[in-house]
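next one to model:
(one chain, ligands or ions: 1)
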Amino acid sequence: MEASLFAQSHIFAQPTYVTGKPIAHVAREFGLDPSKIDKLASNENPLGPSPKALVAARVALEEMNLYPDGSVYDLTGKVAERLQIGREQLVFGNGSNEVLELVAKVFLGPGTEAVMGVNGFAIYKLVTLLMGAKPVEVAMPGFKNDLVAMRAAVTSRTRVVFVASPNNPTGPDNSESELIAFARSLPENVLLVLDEAYAEFLEKAPDLRPLIQEGLAVLCARTFSKIYGLAGLRAGYAYTRADIAGLLQRARQPFNLNSIAQAAALAALDDVDFVTATRQANVAGLAQVGQGLRALGLEVVPSQANFLMFHIGNAQAAFQYLQARGTIVRPVGGLPAYLRVSIGTQAQNDRFLIHLKSYLEQKIS
Ligand SMILES: *Cc1c(COP(=O)(O)O)cnc(C)c1O
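Numbering: from 1, shown residues only. Next comes the predicted model:
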């Protein structure tokens, strides 16, 4: 019998996440040398992984016959100390994507709603639909989360509101005062999820810890995938009220954070030089790519994160053209006239801008 006949019906309406294209796929498809391809599609760290994390990961490999520490003891202790919060306020995940899924598992189900920006991070909608709940998508003027409109979209069925600041894929962030006012305005049975995947790239990230300590239903999600350069290992976490963290703990697998990721993340937190170098390279790269795009006459959406979204017209055509020349960027779901480019090294950014310039020139001639 066909499996679809005995599967849960909501799975047929479940969209699948489209990832940035791996270098190996593009190399195969276009007959290119993989070492000559620049992947500027997934907001990865162009400087590589944190060197300290790499050393720790190699050591941890020697013990991969053993199960990981299911309690994530050392990493929990270090992050708790850094954030000046209790251990019981932390939950780790296989990437912060898993944390977002745990939120959905705990708070969403049929008959409930989750509010999110229409150009918000794609995972919010996917985890909401997967739990049989309804995504309520709110317009984003200027591609920024409109917190007033999001508050107005909250109903008695709302359990979660998802806000990424800076927002991926668009770029703009919300100020600390805006976020605090928004958190205070929400009913006490609605969880505010603040996705801080790019917070470390901001000059000064909003701090909602005082609200959490005060008892508001706020959960902040962080990742080791971006500034720490550990996307391939899958490590992220949430800090939140202890009762909320406790509920998420119930929903996770016992060994969701593998031992290599635990060791590498622990070391990465101490790699201050690497984080500083990444931040500096990103500031320079944002200026380089932003100026380059504007010099080509393109409209660029403001961003302090490690990517820029820009208007290109026929994004698929530009995406294909760039890809065939070895630069992988990212089409943006729901915005067919825009592309998102991750900030790379200076040389990668240069190559991207050169290819884009030739794309625009051949389009005119
Ligand atoms: C990259 C990203 C994440 C992090 O995902 P991981 O699962 O930790 O790799 C989370 N949220 C947003 C908005 C992101 O862009």
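
in the protein, what helix or strand scores lowest on average pLDDT?
Sorting the helices and strands of the chain by mean pLDDT, DSSP states H and E puts helix 23-30 at the bottom, at a mean of 92.

neighbouring contacts of that helix?
Outside helix 23-30, the residues that touch it by Cβ atoms under 8 Å, 6 or more residues apart in numbering are 32-34, 37, 39, 323-324, 326, 328. (Glycine included, C-beta is placed from N, CA and C.)

ditto for stretch 292-300
Under the criterion Cβ under 8 Å, 6+ apart, residues 290, 308-312, 349, 353, 356-357, 360 lie in contact with stretch 292-300.

name the residues of it that are buried.
Buried positions in stretch 292-300, judged by neighbour count with 16 or more other Cβ atoms under 10 Å: 292-293, 296, 298, 300.

tell me the domain ranges of this structure?
Following automatic domain parsing, one finds the domains of the chain at 3-47+272-364, 51-268.

pick the most buried one from those domains.
Using mean count of other Cβ atoms under 10 Å, the stretch among the domains of the chain with the largest mean neighbour count is domain 51-268, at a mean of 19.

which intervals of this structure have sub-threshold pLDDT?
Counting by pLDDT under 70, the ranges of the chain that qualify are 365.

rewinding a little: quick one: which of the contacts of stretch 292-300 sit in strands?
Taking DSSP state E, the ones among those that sit in strands are 308-311.

just give me the closest of the residues you listed to the ligand.
Nearest to the ligand among the ones in strands among the contacts of stretch 292-300 is Met309, at 12.2 Å by Cβ to the nearest ligand atom.

report the closest residue of the chain relative to the ligand.
Nearest to the ligand in the chain, going by Cβ to the nearest ligand atom, is Gly95, at a distance of 2.4 Å.

sorry, back to before: how about the contacts of helix 23-30 in a markdown table, adding distance to Glu113 and secondary structure?
Listed next are these as a markdown table, based on distance: Cβ to Cβ, whole Å; DSSP: H, G, I helix; E, B strand; the rest coil:
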| residue | distance to Glu113 | secondary structure |
| --- | --- | --- |
| Leu32 | 45 | coil |
| Asp33 | 49 | coil |
| Pro34 | 44 | helix |
| Ile37 | 41 | coil |
| Lys39 | 36 | strand |
| Gln323 | 38 | helix |
| Ala324 | 42 | helix |
| Gly326 | 43 | coil |
| Ile328 | 35 | strand |
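
same for the ligand: which of these are within range?
When Cβ under 6 Å from any ligand atom is applied, no member of the contacts of helix 23-30 is adjacent to the ligand.

for those, give me a markdown table that also has distance to Glu196.
As requested, the contacts of helix 23-30 are exported to a markdown table (distance: Cβ to Cβ, whole Å):
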| residue | distance to Glu196 |
| --- | --- |
| Leu32 | 35 |
| Asp33 | 37 |
| Pro34 | 33 |
| Ile37 | 30 |
| Lys39 | 24 |
| Gln323 | 31 |
| Ala324 | 36 |
| Gly326 | 32 |
| Ile328 | 26 |
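
how about the strands in the chain?
For the chain, applying DSSP E gives strands covering 38-39, 90-93, 113-117, 134-138, 158-164, 191-195, 218-223, 236-240, 307-311, 327-328, 330-332, 335-342.

which one of the ones you listed lies closest to Lys144?
strand 113-117 (8.3 Å; Cβ to Cβ).

using CSV, list the CA coordinates for the closest one.
Output of strand 113-117 as CSV, limited to C-alpha atoms (Å, rounded to 0.1, in the frame of the first residue of the first chain):
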residue,chain,number,x,y,z
GLU,A,113,-1.5,30.3,15.9
ALA,A,114,2.0,31.6,15.6
VAL,A,115,2.6,35.2,14.5
MET,A,116,5.6,35.9,12.2
GLY,A,117,6.8,38.4,9.6
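
and it, what does it pack onto?
Packed against strand 113-117 by the contact rule (3 or more Cβ pairs under 8 Å, 6 or more residues apart in numbering; DSSP states H and E) you find helix 122-130, strand 134-138, strand 158-164.

distance to Pro172 for these - can I get that in CSV?
As requested, the helices and strands packed on strand 113-117 are exported to CSV (distance: least, Cβ to Cβ, whole Å):
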stretch, distance to Pro172
helix 122-130, 17
strand 134-138, 14
strand 158-164, 10
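
setting aside sequence neighbours, what's the nearest residue to Ser96?
The shortest distance from Ser96 to any non-neighbouring residue, by Cβ to Cβ, 6 or more residues apart in numbering, is to Gly236 (2.9 Å).
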